[in-house]
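> show me how the following folds:
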Amino acid sequence: MTAPKNAPGNEVVKTPDAAEAGFRCGTVALFGRPNVGKSTLLNALVGQKLSITSRKPQTTRHRIRGILTRPDVQYVFVDTPGFQTKHRSALNASMNRGVRGALQEVDVVVFVVEASRFDKDDRALLKIVPRDKPLILVVNKTDRVERPELMAFLESSSIEAKFAEIVPVSAQKKKGIEELLRTLRNYLPEKPPMYAEDELTDRDERFLAAELLREKLFRSLGDEVPYGASVTIDKFEATPKLRRIHAAIVVDREGHKAIIIGERGEQMKRMATAARLDMEKLFGSKVYLEVWVKVRSGWTENDGQLKRLGYE
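Next up is the predicted model:
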């Protein structure tokens, strides 16, 4: 997807000729356990909301690339699902395979942890990081701890693995982002850009529309329902001024359908309206959105259903 020409913050910068010496380009995986803020970090790095976010684990289910191009460098960030070490399902196994694949393919691995928390779950994930990749520790959510506690945590974290660099950030507050970008540039190979200068992501608008609607499910509903729900786009028509989108929320249980719809349809109307407004901001056009709910029992445990729903 390219940046809407009239969207603020999406000004296109000119990259040098592919043959010009010194230009760097490479892929960077954002990796860590669920809920450490990887998707918020991706959005802060590229300056655009591409990955959906919520306080619930498993919000990110797909790999998504976010692209930031500057005059001397192109960063290709790969946001990965939180690696699942406890909950077993075909869906979680699919997501874990996607994470492992991403780690093998990138140039640099960014391991994201929360400030003042580095526990056995984080240590378990370090074991699957390829040893031939530069490993950078990003300590996120630094705005939530006092400076003396943060400094002590940074020092203690340095012995957990052979990190090439340790960079504290607050993705939510957009603090430390420029320092992280400067650090990452040093570890990217010298080569021409992989994407056009105005590309924001490798995902198309159809995928992003589904994700924005699924985000509203995670933010609006209780703990159980979102994990048994997914979103498909049955129809997507685009013109310069209008996107006409027909979406289906797929649920695992009949009882979840009534919860999502809500009394007199008010719950689904609120979620659809919030998703539509985000789509209009991202796509730079008006959006007509229709949403309905389908029941597909057992889809989270069915490999065939997972493939049809777009899971790797």
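> correct me if wrong: Ala196 contacts Asp202.
No - counting by CB atoms under 8 Å, Ala196 does not reach Asp202; the two are 11.4 Å apart. No exception for glycine: its C-beta is placed from N, CA and C like everyone else's.
> so which of the two has more stuff around it?
The neighbour comparison of Ala196 against Asp202 (other CB atoms under 10 Å) goes to Asp202, with 16 against 12.
> any idea how far the more buried one lies from Glu263?
40 Å (CB to CB, to the nearest Å).
> try Leu282
The value you get for Leu282 to Glu263, if CB to CB is used, is 30 Å.
> comparing the two, which shows the higher neighbour count?
Leu282 (22 against 7).
> how many residues are close by the closest residue to Tyr311 other than its chain neighbours?
On the basis of CB to CB, 6 or more residues apart in numbering, the spatially nearest residue to Tyr311 that is not a chain neighbour turns out to be Ser94, at 4.7 Å. By the measure other CB under 10 Å, the count of residues near Ser94 is 19.
> what does the strand or helix carrying Ser94 rub up against?
Per DSSP states H and E, Ser94 falls inside helix 90-105. Surrounding helix 90-105, the residues in contact under the criterion CB atoms under 8 Å, 6 or more residues apart in numbering are 27, 29, 31, 58, 61-63, 78, 80-81, 83-84, 109, 128-130, 133, 300-303, 306, 311-312.
> and with 6 Å instead?
Applying CB atoms under 6 Å, 6 or more residues apart in numbering, the set of residues contacting helix 90-105 from outside is 29, 61, 63, 78, 80-81, 83-84, 130, 300-301, 303, 306, 311-312.
> from those, which two are the most distant?
In the contacts of helix 90-105, two members sit farther apart than any others by CB to CB. They are Pro130 and Glu301, at 29.8 Å.
> quick one, helices of this structure?
Here the chain has its helices, by DSSP state H, at 38-46, 90-105, 120-126, 147-157, 177-185, 205-220, 254-261, 266-283, 303-308.
> want to throw the ones you listed into JSON lines with mean pLDDT?
Shown next, in JSON lines, are the helices of the chain (pLDDT from 0 to 100):
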{"stretch": "helix 38-46", "mean pLDDT": "94"}
{"stretch": "helix 90-105", "mean pLDDT": "83"}
{"stretch": "helix 120-126", "mean pLDDT": "91"}
{"stretch": "helix 147-157", "mean pLDDT": "95"}
{"stretch": "helix 177-185", "mean pLDDT": "98"}
{"stretch": "helix 205-220", "mean pLDDT": "92"}
{"stretch": "helix 254-261", "mean pLDDT": "90"}
{"stretch": "helix 266-283", "mean pLDDT": "95"}
{"stretch": "helix 303-308", "mean pLDDT": "84"}
